[in-house]
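J.: just the structure for this:
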Amino acid sequence: MVEELVIAVIAAVCACGLYAMAAARVVRQYERGVVFRLGRLQEGIRGPGFTTILPFVDKLHKVNLQIVTMPVPAQDGITRDNVTVRVDAVIYFKVVDAAEALVRVEDYRFAVSQMAQTSLRSIIGKSDLDDLLSNREKLNQGLELMIDSPAIGWGVQIDRVEIKDVSLPETMKRSMARQAEADRERRARVINADAELQASKKLAEAAKEMSGQPAALQLRLLQTVVAVAAEKNSTLVLPFPVELLRFLERATPAEAVQAVQAVSGAVQAAPSPPADQSPAAAATDGADAADAVEPGAPDAVEPGAPDLAVPGLTTRPKVSSVPTTSSPMPAPPLEEEPQKRQDAQPV
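T.: Predicted coordinates:
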């Protein structure tokens, strides 16, 4: 009798243990439990921790409430400006109502994926290529609203949608590259022209300042020579401006007067040729006298030539010209005709 009682107690304990094992459930912190009793949804949502159900009567479904990252397959489409593109995206969503996610839709993950693909194709057809490349934030917001509208009835909340990549045909890439290059070249030319305009204004101001101070032009010329010589060039081409000559002329008027007076005295002191001297010798002596004049002196004034105004000189110097006579050259003897010369020969 005692043995039978002990066996019964042991059996009851084992049965209770088996029942507890069949009824015990553990729900994690990021999950929620939905209980169906005989196929009917129970009102209470089991929270995280330890919970029990009726074995063979209740069925517990655990729903993950974490944010799900789901890539959207690339979709081919034609934009509003007739450009073929291939766009892929990524969607972030989470379940906010575990019971609705299980009851309203068969597989909420698959439903969200299909809705994202159709919405992405619709966005491609409504947008331009420039919007897909540069205005993605606006497109992301529109795509999020299109997916979130039906998903809210499934107990799913769309957190955000991002367009990940836009693939263009090779021809379109080359066209865009040429367009970008042309735009950069246009901006470079505009900037260069603006720089030239500013430089010309500054040069005009500098020329205006130098016109008031002629010595500044000479100093600038010397600076240019120093800058060119620093490059170790073997050949130096130095322009000599007329303004510098005018400055030197105004700076030394007394020296110019002395040079003209020296030339005039040398011409007046030149001796006249003797009577028996040939005209050619007289011309030669005149040329030697002209060469004897010191370098830098002006040439003799010919009759009828205009007066040359020399600063500091009040009277025009008297310059005597060397007389030259031209005599006709003797004509060469004419050659006799061949017939007459033959007649003159002895027979």
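
J.: give me phi/psi at the closest residue to residue 153 other than its chain neighbours?
T.: Closest residue to residue 153 apart from its sequence neighbours, by C-beta to C-beta, 6 or more residues apart in numbering: residue 104 at 6.2 Å. Backbone N, C-alpha and C define where each C-beta goes, glycine included. Backbone dihedrals for residue 104, given as degrees, to the nearest 10, come out at phi -70, psi -30.

J.: need the longest helix for the protein.
T.: helix 170-212 (DSSP state H).

J.: residues in contact with residue 93?
T.: Residues in contact with residue 93 (C-beta atoms under 8 Å, 6 or more residues apart in numbering) are 67-68, 70, 112, 151, 156-159.

J.: one more: residue 54?
T.: 23, 37.

J.: which phi and psi does it have?
T.: phi -80, psi 120.

J.: repeat that for residue 57.
T.: phi -120, psi -50.

J.: hmm, it is touching residue 39, no?
T.: No: taking C-beta atoms under 8 Å as the definition, residue 57 is not a contact partner of residue 39, at 10.3 Å.

J.: buried sites along whichever helix or strand comes after the longest helix of the chain?
T.: Where DSSP states H and E defines the elements, the next helix or strand beyond helix 170-212 is helix 214-229. Within helix 214-229, the residues that count as buried by 16 or more other C-beta atoms under 10 Å are 217-218, 221.

J.: now those residues in TSV, with pLDDT?
T.: Output for the buried residues of helix 214-229, formatted as TSV (pLDDT from 0 to 100):
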residue	pLDDT
217	75
218	75
221	76
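
J.: and of these, the nearest to residue 15?
T.: Distances from residue 15 to the buried residues of helix 214-229, taken as C-beta to C-beta, are shortest for residue 221 (118.3 Å).

J.: can you give me the distance of residue 139 to residue 55?
T.: 52 Å (C-beta to C-beta, to the nearest Å).

J.: the more surrounded of those two?
T.: residue 139 (21 against 13; other C-beta atoms under 10 Å).

J.: got any ranges where the stretch 151-300 of the chain has weak pLDDT?
T.: Applying pLDDT under 70 to the stretch 151-300 of the chain flags the ranges 231-300.

J.: quick one: the helices in the stretch 1-150 of the chain?
T.: Secondary structure of the stretch 1-150 of the chain, counting by DSSP state H, counting those that start in this stretch: helices at 2-23, 98-103, 108-126, 129-134, 136-151.

J.: residue 179: which of those helices is closest?
T.: helix 129-134 (11.4 Å).

J.: helices and strands around that closest one, which ones?
T.: The contact analysis (3 or more C-beta pairs under 8 Å, 6 or more residues apart in numbering; DSSP states H and E) places helix 129-134 against strand 84-95, helix 136-151, strand 156-167.
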